[in-house]
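Visitor: 3D model of this:
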Amino acid sequence: MLTALIMAGGRGTRFWPASTEEKPKQFLNLIGNRTMIQETVHRLLPLIGLENIFICTDKKYKNICLEQLPELPERNIILEPTGRNTAPCILLSTSYINQIYENTNIIVLPSDHQINDETEFLAVLSDANEYVESNSDSIVTIGITPNRPETGYGYINFSRTNEIINSHEIKKVKRFVEKPNEFVAQQYLDDGHYLWNAGMFMFNANFMKTQYKLYANETYKIIGSIPEITSSNYYNELEKNYSKCESISVDFAIMEKTDKLYVIPADFGWDDIGGWKALKRYIKVDNNQNVIKGNVVIDNSKNNIIYSTNKPIILLDAEDLFVIETDERVVVGKKESLSKVHELRNK
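Guide: Residues are numbered from 1 along each chain as shown. Model (predicted):
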């Protein structure tokens with residue numbers, strides 16, 4: 001059986017002021033009509049039924065998950081008492097899902113990424129699942145074939161091809177590498193044996209628990225001490241113990257240590273939409289290179305990014321500006337400073 005775990009506890013700080021502590025990026029419709037978490041769930045449905053899709057999120061976002069995904073069973077929302085990074089989140093969720101669907105395969109996905117070719121995306125997931133079905137002692141990550149020397153992503157360095165399933169190669173992972181500088185990123189691109197780390201991977205639930213026992217034993221013991229989800233004191237014990245877990249990413253805790261890691265090179269139009277400038281890749285620009293979302297009128301203006309959630313915005317004789325309007329505030333500045341907008345959040 002195949003199940004999905006969507007991680008939805010992030011704060012989306014780079015999309016402030018639209019993304020806030022109360023309603024972060026994954027619950028916004030930054031590009032289309034659906035919110036990002038709705039899109040993530042919707043694209044899985046041809047392969048995985050809604051009853052087999054789980055969402056792990058901060059307890060404060062339970063109600064907004066139920067509001068945006070009303071057909072999702074409430075039991076499929078896994079609540080974190082506090083954020084402890086991806087390693088504890090994934091083990092907690094794996095244990096939770098495994099109590100409902102024993103020995104299941106789980107595909108782990110972020111809640112806020114863009115995927116353009118959904119047919120190819122599902123084909124990659126299906127072939128990864130086929131591989132894990134036959135090789136249950138493996139973790140298969142999905143690497144994105146790079147098309148530019150990107151400094152904002154981590155990379156996966158691969159070696160030999162282990163198997164081919166329906167034209168998709170399953171390659172052995174040599175190592176994970178952190179975000180490079182531009183010179184090194186160009187070297188990775190030229191080398192041809194590096195992929196972008198998209199934070200998507202698949203594993204058998206029971207096997208993944210053994211990897212935590214080997215490489216993240218303290219977290220394994222803490223999560224293992226929490227009673228079963230059917231217990232009346234499950235959440236009380238979770239509240240008491242979860243914060244004791246080390247706050248660490250699954251890449252550092254497991255992926256960089258295990259020798260059971262494989263990767264499928266994939267190309268399905270992936271983007272993590274990391275900040276405001278990324279909107280230009282997905283929102284139609286006008287003839288003057290203005291990126292416009294919402295109720296906006298522009299006159300004699302060019303190279304601007306204008307985002308309105310409600311109030312009308314009128315821009316006259318303006319160039320190289322950004323204007324972001326939300327119910328609570330309007331932020332305006334030079335487009336060259338857009339990457340620094342999230343720094344204002346703490347001020």
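Visitor: Now do the SS call for residue 47.
Guide: coil (DSSP: H, G, I helix; E, B strand; the rest coil).
Visitor: ok, it - contacts?
Guide: 2, 122, 125, 126 (CB atoms under 8 Å, 6 or more residues apart in numbering). C-beta: built from backbone N, CA, C; applies to glycine.
Visitor: dump the residue contacts of residue 160.
Guide: 171, 172.
Visitor: SS state for it?
Guide: Here residue 160 is recorded as strand under three-state DSSP.
Visitor: and it, what pLDDT?
Guide: Predicted confidence (pLDDT) for residue 160: 87.
Visitor: Okay, and which of the contacts of residue 47 map to strands?
Guide: Secondary structure from DSSP state E places residue 2 of the contacts of residue 47 in strands.
Visitor: Helix or strand: which one has residue 246?
Guide: Under the criterion DSSP states H and E, no helix or strand holds residue 246.
Visitor: residues near it, how many?
Guide: Residues near residue 246, counting by other CB atoms under 10 Å, number 14.
Visitor: Follow the chain on from the longest helix belonging to the chain and name the next helix or strand.
Guide: Across the chain, the longest stretch assigned as helix under DSSP state H is helix 118-134. Toward the C-terminal end, the helix or strand that comes next after helix 118-134 (DSSP H and E) is strand 139-144.
Visitor: Mean confidence (pLDDT) on that next one, please.
Guide: Rounded mean pLDDT across strand 139-144 is 97.
Visitor: now for it, which elements pack on it?
Guide: For strand 139-144, the elements it packs on are helix 118-134, strand 155-165, strand 194-204, helix 205-215, strand 261-266, judged by 3 or more CB pairs under 8 Å, 6 or more residues apart in numbering; DSSP states H and E.
Visitor: mean confidence score for the following helix or strand past the second one?
Guide: Spelled out, that is strand 155-165. Once the chain leaves strand 155-165, the next helix or strand it forms, by DSSP H and E, is strand 168-177. Regarding strand 168-177, the rounded mean pLDDT is 95.
Visitor: Sheet-wise, list the partners of strand 168-177 with their directions.
Guide: Using DSSP bridges, the strands paired with strand 168-177 are strand 155-165 (antiparallel), strand 261-266 (antiparallel).
Visitor: rank the helices and strands packed on strand 139-144 by pLDDT, which is bottom?
Guide: Here the lowest mean pLDDT among these goes to strand 155-165, at a mean of 93.
Visitor: sorry, back to before: out of the helices and strands packed on strand 139-144, which comes closest to residue 148?
Guide: strand 194-204 (9.9 Å; CB to CB).
Visitor: what packs against the closest one?
Guide: Packing contacts for strand 194-204, counted by 3+ CB pairs under 8 Å, 6+ apart, involve strand 105-110, helix 118-134, strand 139-144, strand 155-165.
Visitor: can I get these in JSON lines with distance to residue 45?
Guide: As requested, those are arranged in JSON lines below (distance: least, CB to CB, whole Å):
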{"stretch": "strand 105-110", "distance to residue 45": "13"}
{"stretch": "helix 118-134", "distance to residue 45": "10"}
{"stretch": "strand 139-144", "distance to residue 45": "19"}
{"stretch": "strand 155-165", "distance to residue 45": "22"}
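Visitor: Of those, which is nearest residue 287?
Guide: Among the helices and strands packed on strand 194-204, the nearest to residue 287 by CB to CB is helix 118-134 (29.8 Å).
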